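*Asks:* okay, here's the prediction I keep looking at, along with the sequence it came from:
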Amino acid sequence: MAAMIKNHESKWYNVESVPDCHIFGIEDRPGNESIPLCDTIPIIDLANSDTNQTVDKIIQASQEYGFFQPFEEISKEANENGWVYMGSNSFAPKGAYMWRDNLKHSCYPLEETMKHWPQYPARYREVVATYIKEIKRLSLRILEAICQGLGLEKGHLEGMSHVEFLTASSYPPCPDPSLTLGLLGHLDHSLITILFQNLEGLQVLKDGKWIGVEVVPNAFVVNIGTQIQIISNGKLTSAEHRVVTNSGKGRTSIATFINPMPDCIIEPAKLLVNEANPPLYPSLSFKEFVNVSKAFGPFTDAVKTTVPSN
Ligand SMILES: O=C(O)CCC(=O)C(=O)O
Ligand SMILES: [Fe+2]
């Protein structure tokens, strides 16, 4: 990815100490505390023929962690042009820059948006389009399981039109990971997010403590976004997460956000609301939610240019 934007490429290599502009305040930086990898985030085999058991596992994991790791066979291949390149000098929400470069673009509608994706590396469009088709299939299965597990009518979640939005990130090795963050703690404002990661670094806030998410071969990481938290009226949790850096190897991740269409109304599902369980969230279109809550913080304007509007 860095190779696409030549000017940024050399910045990270042979960095001997962390420049001041990348040092986070004490309250945000990871420090030297050793954070255990968590081996209890459920790993879920989607090929299990007992679908009720799969649904139960997904719901339980979404209540307890807001995260789970499904696996199944997937394909091995697996601005102005409608994509945004965020170099490491372009995003400093807490006064310090993230230790990462990333590329964001919409993937919906696929045939239309892919014409505007980066042209290099040469097979980028072809490989990412194949990947997105598989992710779409996987996301529908997961949304169907969540729908069933919440006791919603079939199609409540899968039937919404979905917009896939991709963020590919490169986290270079860092001379002092205690001072920096690859990505500051945040919530995803998606229905769900499906993440591929090649190395550990992702951490989830659970009961007030950070825990590390393991890399499980052939499994993705799925987390519940705020939109499902709203639809489930708080039954499922959207957990805060962040990315820490390491001094040894570069890390790459690909997050695909499964978002509602901009005009889709997101509200607690009627079936989950009654006198004893009043709605905890207002009813808003996804577009309004993004604007009113400044859902993407400083990203909001950048993202708006690539969120397709009807
Ligand atoms: O790179 C990662 O592991 C996480 C990325 C992420 O949380 C995000 O882009 O929202
Ligand atoms: Fe995230």
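*Replies:* Nice, thanks for sending it over. Ligands and ions are numbered 1, 2, ... in the order given.
*Asks:* OK, contacts around the residue of the stretch 201-310 of the chain found nearest ligand 1?
*Replies:* Distances from the stretch 201-310 of the chain to ligand 1, computed as C-beta to the nearest ligand atom, single out Ser253 as the nearest residue at 3.3 Å. The C-beta positions use only the backbone N, C-alpha and C, and glycine is treated the same way. For Ser253, the contacting residues are Ala168, Ser169, Tyr171, Leu195, Phe196, Gln197, Asn198, Gly201, Leu202, Val243, by C-beta atoms under 8 Å, 6 or more residues apart in numbering.
*Asks:* now the fifth one: how far from Pro70?
*Replies:* Relative to Pro70, Phe196 is positioned 12 Å away (criterion: C-beta to C-beta, to the nearest Å).
*Asks:* of the two, who's got more company?
*Replies:* The residue with more neighbours, out of Phe196 and Pro70, is Pro70; 25 against 18, by other C-beta atoms under 10 Å.
*Asks:* one step back: so what sits against both of Phe196 and Pro70?
*Replies:* Each of Phe220 lies in contact with both Phe196 and Pro70 under the rule C-beta under 8 Å, 6+ apart.
*Asks:* still on that earlier bit, filter the contacts of Ser253 down to the ones close to ligand 1.
*Replies:* Ser169, Leu195, Gln197, Leu202, Val243 (C-beta under 6 Å from any ligand atom).
*Asks:* could you list the low-pLDDT ranges of the stretch 101-250 of the chain?
*Replies:* Judged by pLDDT under 70, the stretch 101-250 of the chain has its weakly predicted residues at 161.
*Asks:* flag every residue of it that's near ligand 1.
*Replies:* Taking C-beta under 6 Å from any ligand atom, the part of the stretch 101-250 of the chain that reaches ligand 1 is made up of Thr167, Ser169, Leu183, Asp188, Leu195, Gln197, Leu202, His241, Val243.
*Asks:* what count of nearby residues applies to the fifth one?
*Replies:* This means Leu195. The tally of other residues near Leu195 (other C-beta under 10 Å) stands at 21.
*Asks:* need the contact list for it.
*Replies:* Applying C-beta under 8 Å, 6+ apart, the residues contacting Leu195 are Leu202, Phe220, Val221, Val222, Asn223, Ser253, Ile254, Ala255, Thr256.
*Asks:* wait, a strand at it?
*Replies:* Yes: under the criterion used here (DSSP: H, G, I helix; E, B strand; the rest coil), Leu195 sits inside a strand.
*Asks:* mind starting the numbering at 38 from now?
*Replies:* In the new count, where the first residue is 38, that last one comes out as Leu232.
*Asks:* can you name the residues that contact the closest residue to Ile96 other than its chain neighbours?
*Replies:* Nearest in space to Ile96, with sequence neighbours left out and distances taken as C-beta to C-beta, 6 or more residues apart in numbering, is Gly186 at 3.6 Å. Residues in contact with Gly186 (C-beta under 8 Å, 6+ apart) are Val92, Asp93, Ile95, Ile96.
*Asks:* surely Cys184 touches Arg178?
*Replies:* No: assessed by C-beta atoms under 8 Å, Cys184 is found out of contact with Arg178, at 10.7 Å.
*Asks:* neighbour-wise, which of those two wins?
*Replies:* Each of Cys184 and Arg178 has its neighbours counted (other C-beta under 10 Å); Cys184 has more, 22 against 16.
*Asks:* residues contacting the more buried one?
*Replies:* Contacts here follow C-beta under 8 Å, 6+ apart; on that basis Cys184 touches Glu190, Lys191, Gly192, His193, Leu194, Glu195.
*Asks:* how does it look with 7 Å?
*Replies:* With C-beta atoms under 7 Å, 6 or more residues apart in numbering as the criterion, the residues that contact Cys184 are Lys191, His193, Leu194, Glu195.
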